[in-house]
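Q: pasting the structure only:
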């Protein structure tokens, strides 16, 4: 797991550098407001990703562009990592919480949830 933690640490480090570089004055000052703004950004990025899937059954489908989908997914990841940082999560904490939830989900499946 150390390899994964190292990767997460690199992502967290790069996100911190990006935020410092952006110097966004309009970024909310309170934690709950920042998390709310980040969730709004995640929702909108998810909609952009969904739009690439031709989910509208009543319209003529367009081709799925995987590279564009990957870009939208990474946009979501930026906001998820920033939200984790706002919630005072470290890469280790993210990994721990992920592994705990993964275990719970497996147990739910095993028990017929």
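A: Received it, and whenever you're ready, just let me know what you need. Note that the structure is a prediction, hence the values are computed from the model and not measured. Numbering: from 1, shown residues only.

Q: where do the helices sit along the chain?
A: 2-22, 31-51, 66-86, 91-110 (DSSP state H).

Q: Identify whichever of the ones you listed lies nearest to residue 60.
A: Closest to residue 60 of the helices of the chain, according to Cβ to Cβ: helix 31-51, at 14.2 Å. C-beta coordinates here come from the backbone N, C-alpha and C atoms, glycine included.

Q: helices or strands next to that closest one in the packing?
A: Applying 3 or more Cβ pairs under 8 Å, 6 or more residues apart in numbering; DSSP states H and E, we find helix 31-51 packed against helix 66-86.

Q: Could you list the buried residues of the helix it packs on?
A: By neighbour count with 16 or more other Cβ atoms under 10 Å, helix 66-86 contains the buried residues 69, 72, 75-76, 78-86.

Q: follow-up on the earlier one: of all the helices of the chain, which one is nearest residue 58?
A: When those are ranked by proximity to residue 58 (Cβ to Cβ), helix 31-51 comes first, at 14.3 Å.

Q: how far off helix 66-86 does the closest one point, in degrees?
A: Orientation check (axes from the mean of the first three to the mean of the last three Cα atoms, to 10 degrees): helix 31-51 against helix 66-86 gives 170 degrees.

Q: Quick one: residues in contact with helix 31-51.
A: By Cβ atoms under 8 Å, 6 or more residues apart in numbering, the residues outside helix 31-51 that reach it are 27-28, 69, 72-73, 75-76, 79-80, 82-83, 86-87.

Q: now those residues in TSV, with distance to residue 107?
A: Listed next are these as TSV, based on distance: Cβ to Cβ, whole Å:
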residue	distance to residue 107
27	38
28	37
69	31
72	32
73	28
75	32
76	27
79	29
80	24
82	30
83	26
86	29
87	25
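
Q: Out of those, name the two that are farthest from one another.
A: Maximum distance among the contacts of helix 31-51 (Cβ to Cβ): 29.1 Å, for 28 and 69.

Q: low pLDDT regions in the protein?
A: Applying pLDDT under 70 to the chain flags residues 1.
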